[in-house]
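Colleague: Please work out how this folds:
(chains A, B, C and D)
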4 protein chains.
Amino acid sequence: MSREIEELQIALRRFAEERDWGQFHTPKNLAASLSIEAAEVLEHFQWLTDEQSRQLTEEQRLKVGHEIADVLLYLLQLSDKLGIDPLAAAREKLAINAAKYPADKARGSSRKYTEL
Amino acid sequence: MSREIEELQIALRRFAEERDWGQFHTPKNLAASLSIEAAEVLEHFQWLTDEQSRQLTEEQRLKVGHEIADVLLYLLQLSDKLGIDPLAAAREKLAINAAKYPADKARGSSRKYTEL
Amino acid sequence: MSREIEELQIALRRFAEERDWGQFHTPKNLAASLSIEAAEVLEHFQWLTDEQSRQLTEEQRLKVGHEIADVLLYLLQLSDKLGIDPLAAAREKLAINAAKYPADKARGSSRKYTEL
Amino acid sequence: MSREIEELQIALRRFAEERDWGQFHTPKNLAASLSIEAAEVLEHFQWLTDEQSRQLTEEQRLKVGHEIADVLLYLLQLSDKLGIDPLAAAREKLAINAAKYPADKARGSSRKYTEL
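Modeller: Prediction:
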């Protein structure tokens, strides 16, 4: 586990304990929060074209950064509760995806996605 | 930036390049994917009670781990495209939250949330 | 098609035309909006217990009503763009579900869901 | 309330009763389900361009129709539990939006959205 991530998880645990929020932080509630915050990231892109989404203003970038932070904070809390190492899980999933979508077959096609 | 996270982002860049998927990976699309994958995490908890969500079977835990991985992989790709350091953003957001919800006032109350 | 629904769809078309918003209302954007608004419904229940969610205050009920309205408005616009009759589709899906989950086998079990 | 909608809500009530699923159908769970199903609508558009999203194949249209149906079925169940008339709420919200975004000021601009 990354030291930085572990430190954040410890800080999040302390944060919740100091406020007695553990009662609200069931894995189910944290999963709902993850989804709600991810939608708030998307909200910033809702009416932008793909091109505009590549050229955020500094103000937009800052706001999106805060929403991405919220998603990550809930992801770390949920992982912590479930005893999942998120980076190890991500590395494993990337390896699975690499096997599932061989580069030579998947090249330039979004079919691999849409046919899932 | 955490070395592990940077390595994952580099691996993700290579993964997309080898498949010529950069064309699909606009920030807007990655934000939509983040939201879709977060909903897939939530799906595993959809009909569980809070109590059941605390006691996943090993099989459920493994599946949830894969979905959490998908969320993290998109979060890292989106952050990479936008030039956002997700861990730094998370640490900053946690500090903002700590100032926003003083421990002595927020204790045991979910009001701080619902009144946002 | 229900007359009330058709009337709402016509009003929504006029609303978008008067503001020249048709350019933003691609099916893809409307689908993103649907998802964003659904998350806003969920946000109202985020930290409530199941029991509390059954006993909303009048103020909460009003707020949730507005979010439900947003979801429905986007659902009607998306359906309109795609030429889908949402009520007919819902009736058809309910019939499919009835065949998929025979009452005698599905009784009292959330397995039919989680095993999907 | 529209007769067709009322009929669907009655059919949904019977459907849940016959399977003893009322225990799972708390407003909170139904709100989560609404969000999960909305993300499944979005999933079909995830990698499409705006242009492609306007020209779905018949097969895609059918699949999207089923997901839209799922969203509507949960929306009707949630509304039913909360005693909300979804069509009346939608008409009211549309009137609020019309006042909020005067046609002459909002024309051709997505700012009204992004500045919310």
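
Colleague: which helix in chain A runs the most residues?
Modeller: Secondary structure of chain A per DSSP state H: the longest helix is helix A:58-82.

Colleague: Find me the pLDDT at whichever residue of chain A sits closest to chain C, would you?
Modeller: At 3.4 Å from chain C, residue A:39 is the closest residue in chain A, using Cβ to the nearest Cβ. For every residue, glycine as well, the C-beta is placed using N, CA and C. Confidence at residue A:39, expressed as pLDDT, is 98.

Colleague: do residue A:97 as well
Modeller: pLDDT, residue A:97: 96.

Colleague: which element is the residue in chain A sticking out farthest from the centre on?
Modeller: Taking Cα atoms, centre = their mean, the residue of chain A most remote from its mean C-alpha position is residue A:104, at 28.4 Å. Element membership of residue A:104, judged by DSSP states H and E, is helix A:103-106.

Colleague: mind listing what's buried in that helix?
Modeller: Using 16 or more other Cβ atoms under 10 Å in any protein chain shown as the test for burial, helix A:103-106 gives residue A:106.

Colleague: Could you export it as CSV, CA atoms only?
Modeller: This file holds the C-alpha atoms of helix A:103-106, laid out as CSV (Å, rounded to 0.1, in the frame of the first residue of the first chain):
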residue,chain,number,x,y,z
ALA,A,103,-3.8,-4.2,-28.3
ASP,A,104,-3.8,-5.5,-31.9
LYS,A,105,-7.5,-6.4,-31.8
ALA,A,106,-8.8,-3.4,-29.8
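
Colleague: That one vs chain D: in contact?
Modeller: No - residues of helix A:103-106 are not located near chain D by Cβ under 8 Å from any Cβ of the partner chain, the shortest gap being 12.1 Å.

Colleague: And that helix, how far out from the chain middle?
Modeller: How far helix A:103-106 lies from its chain's middle: 26 Å, per Cα atoms, centre = their mean, to the nearest Å.

Colleague: and that helix, is it in reach of chain B?
Modeller: Yes - Helix A:103-106 is in contact with chain B by Cβ under 8 Å from any Cβ, via A:103, A:106.

Colleague: check contacts around the residue farthest from the centre of chain A.
Modeller: With contact set as Cβ atoms under 8 Å, 6 or more residues apart in numbering or on different chains, residue A:104 has no partners.

Colleague: What pLDDT is listed against it?
Modeller: Residue A:104 carries a pLDDT score of 88 in this model.

Colleague: on that earlier part again, does the residue of chain A closest to chain C touch residue C:33 like I think?
Modeller: No - at 10.3 Å, residue A:39 does not count as touching residue C:33 under the criterion of Cβ atoms under 8 Å.

Colleague: out of the two, which sits in the busier spot?
Modeller: residue A:39 (31 against 26; other Cβ atoms under 10 Å in any protein chain shown).

Colleague: In which helix or strand does that one reside?
Modeller: Short version: residue A:39 belongs to helix A:27-43, going by DSSP H and E.

Colleague: Report the backbone C-alpha coordinates of that helix in CSV.
Modeller: Taking Å, rounded to 0.1, in the frame of the first residue of the first chain, the C-alpha atoms of helix A:27-43 are listed here in CSV:
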residue,chain,number,x,y,z
PRO,A,27,-20.0,0.7,3.4
LYS,A,28,-23.4,1.1,1.8
ASN,A,29,-23.6,4.8,2.6
LEU,A,30,-20.0,5.3,1.5
ALA,A,31,-20.8,3.6,-1.9
ALA,A,32,-23.8,5.9,-2.3
SER,A,33,-21.6,8.9,-1.5
LEU,A,34,-19.0,7.8,-4.0
SER,A,35,-21.7,7.7,-6.7
ILE,A,36,-23.1,11.1,-5.7
GLU,A,37,-19.7,12.8,-5.8
ALA,A,38,-18.8,11.2,-9.1
ALA,A,39,-22.0,12.7,-10.6
GLU,A,40,-20.8,16.1,-9.3
VAL,A,41,-17.6,15.6,-11.3
LEU,A,42,-19.7,14.9,-14.4
GLU,A,43,-21.9,17.9,-13.7
